[in-house]
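Q: what shape does this take:
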Amino acid sequence: MERIFKELDELKFELPSWAFSDAGTRFAVFHEEGAARNVFERIEDAALVHRLTGCCPSVALHIPWDKVENWEELREFAEEKGLKIGAINPNLFQDPDYKYGSLTNPSEKIRKKAIAHVMECVDIAEKTGSKVISLWLADGTDYPGQDDFRSRKKRLEESLRYIYENMPADMYLLIEYKFFEPAFYHTDIPDWGMSYLLSEKLGERALVLVDLGHHPQGTNIEYIVATLLSEKKLGGFHLNNRKYADDDLTIASINPYEVFLIFKEIVFAKRDPELSDSAKKVVLMFDQAHITKPKILAMIQSVLIAQELFTKALLIDENRLREAQKNYDVVEAEEILLDAFRTDVRPILREYRRQKGLPEDPLRVFREEDYMEKRRRERR
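A: Here you go, the predicted model:
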């Protein structure tokens with residue numbers, strides 16, 4: 001148990017600021033009474049999740065949604081709340097100029113505008129103490145012949161090269177991918193292979209970000225994770241889940257076994273002397289925007305689910321598994337994984353939280369303390 005608790009001490013999640021404000025579908029934005037109205041309130045809500053769970057010490061920002069005049073003030077505010085600023089996420093998908101692409105746009109003027117926005121985010125990262133720029137592009141085309149693939153790839157590489165070479169030497173660039181949407185014909189960074197190719201060309205501080213909801217149906221994500229870990233090219237995650245096309249559902253709400261298997265790869269890599277250092281730097285960030293669930297409650301639930309599945313992965317008997325694999329005992333190998341997955345780890349986590357002075361049941365405490373009603377009154 002001591003080993004499990006020690007590894008749980010190292011388990012940290014990053015919360016997305018945008019998860020605490022009103023969100024919507026493609027068709028409408030739905031208002032939640034008491035939801036955060038600005039970045040300071042978003043940080044307050046993230047801090048509450050961290051205070052109740054003890055494992056979410058950083059919050060990612062989205063620019064311009066979280067833009068303020070005084071970044072030092074925001075940094076100090078976050079620190080007063082017990083948080084640090086995490087990844088800075090540029091927005092390269094809302095400006096009308098990006099209709100035909102941002103970093104890949106045929107117009108040099110628009111590409112320079114997109115690059116300038118990313119560099120603005122680099123400057124914000126420096127002012128807030130962040131070491132990570134997390135980049136997702138909506139770039140793509142809707143119809144065959146709309147643009148030339150190789151020209152777009154060249155523009156993308158040139159844009160990223162400029163950004164990478166002008167970042168501080170201790171800052172990381174995480175490159176996300178999505179196999180479709182919003183473009184319908186092709187996406188400029190559609191999968192982990194393209195993200196890997198781009199990051200490999202840039203250098204060791206450019207890494208791949210895996211969003212659990214950004215794959216074709218049936219993709220073996222844990223295999224992708226293992227591959228990137230072995231290449232020391234996995235920079236982080238956007239944790240969520242999906243059933244069909246979008247990716248904003250609570251982590252593991254559809255396929256918890258998949259998340260368990262992904263966490264197993266991280267746990268094993270952290271214990272591998274050759275991969276430990278790079279595996280421990282992987283950022284486990286949530287990317288969820290809840291509409292039908294209350295936002296803070298949904299985020300607490302997400303953290304607890306992720307913590308449970310990670311704890312199950314910690315329970316895998318690695319030596320027995322290696323022996324079964326060595327002996328071609330497929331059934332035994334699978335049973336070892338299932339034994340860990342089927343274990344009820346909630347008593348372990350309740351004891352862990354009790355020893356840390358945390359609420360044993362953060363969801364219950366959130367409801368009993370009526371935190372949401374207080375926010376409704378304060379945010380009218």
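Q: strand partners (parallel or antiparallel) of the helix or strand encompassing Leu15?
A: Per DSSP states H and E, Leu15 falls inside strand 13-16. Next to strand 13-16 in the sheet, as set by DSSP bridges, lie strand 58-63 (parallel), strand 283-286 (parallel).
Q: chain center to that strand, what's the gap?
A: Taking the mean of its C-alpha atoms, strand 13-16 sits 7 Å from the chain's own mean (Cα atoms, centre = their mean, to the nearest Å).
Q: and Asp248, what's its pLDDT?
A: You'll see Asp248 listed with a pLDDT of 85.
Q: isn't it right up against Gln288?
A: Yes - in terms of Cβ atoms under 8 Å, Asp248 counts as a neighbour of Gln288; the distance is 5.3 Å. Where C-beta positions appear, they are placed from N, C-alpha and C, glycine not excepted.
Q: shared neighbours, these two?
A: Common contact partners of Asp248 and Gln288 (Cβ atoms under 8 Å, 6 or more residues apart in numbering): Asn240.
Q: what average pLDDT does the helix or strand where Lys109 lies get?
A: Assessed by DSSP H and E, Lys109 sits inside helix 108-128. The average pLDDT for helix 108-128 rounds to 98.
Q: what does stretch 12-27 give?
A: Across stretch 12-27, the average pLDDT comes to 90.
Q: ok, then the element right after the lowest-mean-pLDDT helix or strand in the chain?
A: Sorting the helices and strands of the chain by mean pLDDT, DSSP states H and E puts strand 23-24 at the bottom, at a mean of 78. Under the assignment DSSP H and E, the closest C-terminal helix or strand after strand 23-24 is strand 29-30.
Q: okay, which residue is most central for this protein?
A: His238 (2.4 Å; Cα atoms, centre = their mean).
Q: sec struct for it, please.
A: Look at His238: counting by DSSP: H, G, I helix; E, B strand; the rest coil, its state is strand.
Q: residues in contact with it?
A: Glu176, Leu209, Val210, Asp211, Leu212, Gly213, His214, Asp247, Met285, Phe286, Asp287.
Q: looking at the chain, which residue lies furthest from center?
A: In the chain, the greatest distance from the average C-alpha position (Cα atoms, centre = their mean) is reached by Asn327, at 37.0 Å.
Q: what angle sits between the helix holding Lys109 and strand 58-63?
A: 150 degrees (axes from the mean of the first three to the mean of the last three Cα atoms, to 10 degrees).
Q: next secondary structure after helix 108-128?
A: Taking DSSP H and E, what comes next after helix 108-128 is strand 132-135.
Q: any idea how far that next one is from the chain center?
A: The answer for strand 132-135 is 11 Å, by Cα atoms, centre = their mean.
Q: would you map the helices across the stretch 201-350 of the chain?
A: Taking DSSP state H, counting those that start in this stretch to define them, one finds helices in the stretch 201-350 of the chain at 221-230, 256-271, 276-280, 295-314, 318-326, 330-342, 346-355.
Q: which of these sits most buried?
A: Comparing the helices of the stretch 201-350 of the chain by mean neighbour count (mean count of other Cβ atoms under 10 Å), helix 295-314 comes out on top with a mean of 23.
Q: relative to helix 330-342, how tilted is it?
A: Using the same axes, to 10 degrees, helix 295-314 lies at 140 degrees relative to helix 330-342.
Q: now the angle from helix 295-314 to helix 256-271?
A: Using the same axes, to 10 degrees: helix 295-314 against helix 256-271 is 60 degrees.
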